[in-house]
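Asker: no sequence for this one, just the structure:
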């Protein structure tokens, strides 16, 4: 697909975020418990799958392979969606805090992505946390998926910037 740009990927991530937000609690705090995050992650991933997959069988997370592909894309596109508001590292740290069971709870990274000029990065991070829980639910290596997604998004951003610079 030659016309597949990061702007298109961001639109797709925005659709997943809309689905996530429609099902998630209105407030960021308190963070939903892990089973609820799994449900919300599946909702977001399946919303993305409906706009990015051509076959109906790819629209539903049914196994590890489908979950790995769709959630991997969701994480990558979510990083693209937050561009200019939060970095991949900030989103990763915030998502980890949202999933953490450590006590005492720290929200340093969540605060970084919750500033008014970063909106809706906090909701993007919450969607990412939910997607990571959904990935683990299907037996995926969520940490590796997230690392790959951030690296993939950074590569896509660099490639697109180079193309723009070269006038392509």
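Answerer: Done, it's in. Source: prediction; values computed, not measured.
Asker: quick one: buried residues of the helix or strand residue 8 falls within?
Answerer: For residue 8, the enclosing helix or strand under DSSP states H and E is helix 6-23. Using 16 or more other Cβ atoms under 10 Å as the burial criterion, the residues of helix 6-23 that qualify are 6, 9-10, 12-13, 15-17, 19-21. Every C-beta, even on glycine, is put in place using the N, C-alpha and C of the backbone.
Asker: same deal with stretch 83-96?
Answerer: 85-88, 90-96.
Asker: same deal with stretch 102-113?
Answerer: 109-110, 112-113.
Asker: Residue 129: which of those is nearest?
Answerer: residue 110 (9.8 Å; Cβ to Cβ).
Asker: Which other helices and strands does the helix or strand where the closest one lies contact?
Answerer: Residue 110 is part of helix 108-113, with elements assigned from DSSP H and E. Here helix 108-113 touches helix 88-99, helix 121-137, going by 3 or more Cβ pairs under 8 Å, 6 or more residues apart in numbering; DSSP states H and E.
Asker: Distance from the last one to the middle of the chain?
Answerer: Just to be clear, that refers to helix 121-137. 6 Å (Cα atoms, centre = their mean, to the nearest Å).
Asker: what's that helix packed up against?
Answerer: Against helix 121-137 (3+ Cβ pairs under 8 Å, 6+ apart) you get helix 6-23, helix 34-52, helix 64-81, helix 88-99, helix 108-113, helix 142-165.
Asker: can you list these in JSON lines and add mean pLDDT?
Answerer: Below are the helices and strands packed on helix 121-137 laid out as JSON lines (pLDDT from 0 to 100):
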{"stretch": "helix 6-23", "mean pLDDT": "97"}
{"stretch": "helix 34-52", "mean pLDDT": "97"}
{"stretch": "helix 64-81", "mean pLDDT": "96"}
{"stretch": "helix 88-99", "mean pLDDT": "95"}
{"stretch": "helix 108-113", "mean pLDDT": "93"}
{"stretch": "helix 142-165", "mean pLDDT": "94"}
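Asker: For residue 134, which of these is the nearest?
Answerer: Checking the helices and strands packed on helix 121-137 against residue 134 by Cβ to Cβ gives helix 34-52 as the closest, at 3.0 Å.
Asker: now that closest one against helix 88-99, angle please.
Answerer: Angle, helix 34-52 to helix 88-99, by axes from the mean of the first three to the mean of the last three Cα atoms, to 10 degrees: 140 degrees.
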